[in-house]
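A.B. asks: compute the structure for the input listed below.
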Amino acid sequence: MKKVLALFLLLFCIHSLFAVELVLINKTDTPLFEVYAIPSDTENWGYDKLPYDVIIPGDHAVLELELDESKPVNFRFIDEDGDLYLKYNVDISERRKILISPEDHQLLSGDGLIRFTLVNKTGSVIRALYITPETEVDWGDNMLNEFMLESSEMILELQTSGRSSFYDIRMELAGESFVQKRVFISDRARVLLTLH
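C.D. replies: You can find the predicted model right below:
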């Protein structure tokens, strides 16, 4: 009997070690129907953590999730129109209340484009630039066309499939090629291009 009790306590402690209680607060003006939460180094969103509930505007939901507190967490919320609200690299070790606000909305224009700003911090002139979803292997066309990006900013438009918000970026600099992997790009984002 003592062995069974000890085993039960051990399993309970292990579960408690990784069980994190989070309060999700909806500060948007639309109900949120789906909630996904994964470690930031995971690619697959998995299953809806709120399958039988909705977080109405101004309300909250309490979730107990098995997550490692030492790792940042990515959150994805889907509203009644199918729009995405994204929060990346959230430190849950100190913050247990997660606010979902209008700023987290993954905005897409009517033509499926996201518009974002590239900031060249490489210290060199970028002669060609290619951006592809991280899951694709084809780089596609040079997004700078005949232009070059010096140490300045440029606004670009990118057609999105809606399946990924992470992209790989390849830069051509005076005969050398550099790749920035897994860059998060959303509408109105500022993307810093560096060589590190």
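A.B. asks: how close does residue 101 get to residue 147?
C.D. replies: Separation of residue 101 from residue 147 (C-beta to C-beta, to the nearest Å): 35 Å. Glycine gets a C-beta too; all of them are placed from N, C-alpha and C.
A.B. asks: ok, residue 151 - how many residues close by?
C.D. replies: 12 (other C-beta atoms under 10 Å).
A.B. asks: what of residue 28?
C.D. replies: Residues within reach of residue 28, counting by other C-beta under 10 Å, total 22.
A.B. asks: state the distance from it to residue 129.
C.D. replies: From residue 28 to residue 129 the distance is 33 Å (C-beta to C-beta).
A.B. asks: what helices or strands is the helix or strand encompassing residue 88 leaning on?
C.D. replies: Using DSSP states H and E, residue 88 maps to strand 84-90. For strand 84-90, the packing partners by 3 or more C-beta pairs under 8 Å, 6 or more residues apart in numbering; DSSP states H and E come out as strand 73-79, strand 97-100.
A.B. asks: where in the chain is pLDDT low?
C.D. replies: 1-18, 107-112, 161-164 (pLDDT under 70).
A.B. asks: picking that back up, of all the helices and strands packed on strand 84-90, which lies closest to residue 183?
C.D. replies: strand 73-79 (14.2 Å; C-beta to C-beta).
A.B. asks: what packs against that closest one?
C.D. replies: strand 32-39, strand 84-90, strand 97-100.
A.B. asks: quick one, which of those strands is nearest to residue 187?
C.D. replies: strand 84-90 (10.6 Å).
A.B. asks: tilt between the closest one and strand 73-79?
C.D. replies: 170 degrees (axes from the mean of the first three to the mean of the last three C-alpha atoms, to 10 degrees).
A.B. asks: pull the residues that contact strand 84-90.
C.D. replies: 28, 32, 40, 72-79, 98, 100, 104-106, 162, 165, 184, 186 (C-beta atoms under 8 Å, 6 or more residues apart in numbering).
A.B. asks: need the helices for the chain, in chain order.
C.D. replies: Along the chain, the stretches classed as helices by DSSP state H are 2-18.
A.B. asks: and the closest residue to residue 81 other than its chain neighbours, how close does it get to residue 158?
C.D. replies: Once flanking residues are discounted, residue 81 sits nearest to residue 30: 7.1 Å by C-beta to C-beta, 6 or more residues apart in numbering. The gap separating residue 30 from residue 158 is 25 Å, by C-beta to C-beta.
A.B. asks: next: residue 182.
C.D. replies: 15 Å.
A.B. asks: now swap in residue 74 and tell me
C.D. replies: In terms of C-beta to C-beta, residue 74 sits 20 Å off from residue 158.
A.B. asks: name the residue in the two with the higher neighbour count.
C.D. replies: Each of residue 74 and residue 158 has its neighbours counted (other C-beta under 10 Å); residue 74 has more, 21 against 16.
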